[in-house]
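**Student:** Here is my input; please provide its structure:
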Amino acid sequence: MKSKKISMMSLALIALSAPARFANAHEGHAHESYAAGEPGDATKPARIVQVTMVEADGKMLFLPNRIEIKKDEQVKFMLRNNGELDHEFILGTTAENLKHAESMKKNPDMEHDDPNGRRLAPKRTDQIVWRFTQVGEFEYSCLIPGHREAGMIGTIVVK
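**Tutor:** Next up, the predicted model:
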């Protein structure tokens, strides 16, 4: 009976510690805060911005590749991958995305379903609701190895 109590207690401790362990499961993805703002509230009004991912003439692009936003504005990014390859939309600073890109080189099949990023299969759609609480210049980029280098970078200017 005593061994059963210990094993049940051990299971309870493992279960309670799992969220903390898996919160940092892959380096570069555990975000307590974001330089570009914060996840938005999908129940509140938001400006809709369509962002399309494409491949054309040996380049990989976001359309549009520049967006201007007002500080404290909430935006619903409607993401569409019109390409033939998987693509990502990762919102952050250039420094954050470059660091994240290095970890992607080690794990190129890493899936994203973070508040500030999504990975989309060809011909798929998704969305991100984001509130820009900081003035500055930010970016969205595809961090699948080779894609950023092929042109998949967009700029967000928050005024």
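
**Student:** And the pLDDT at the most centrally placed residue in the chain?
**Tutor:** For the chain, the residue nearest the mean C-alpha position is Gly117 (1.4 Å; Cα atoms, centre = their mean). With respect to pLDDT, Gly117 scores 93.

**Student:** And for it, nearest residue in space, chain neighbours not counted?
**Tutor:** Nearest non-adjacent residue to Gly117, counting by Cβ to Cβ, 6 or more residues apart in numbering: Ile90, 3.9 Å away. In this view, the C-beta of every residue, glycine as well, is placed from N, C-alpha and C.

**Student:** if we can go back for a sec, could I get the phi/psi values of the residue nearest to the centre of the chain?
**Tutor:** Per-residue torsions, Gly117: phi -160, psi 150 (degrees, to the nearest 10).

**Student:** Next: Ala42.
**Tutor:** Here Ala42 shows phi and psi, under degrees, to the nearest 10, equal to phi -60, psi -20.

**Student:** neighbours around it, how many?
**Tutor:** Residues lying near Ala42 (other Cβ atoms under 10 Å) number 11.
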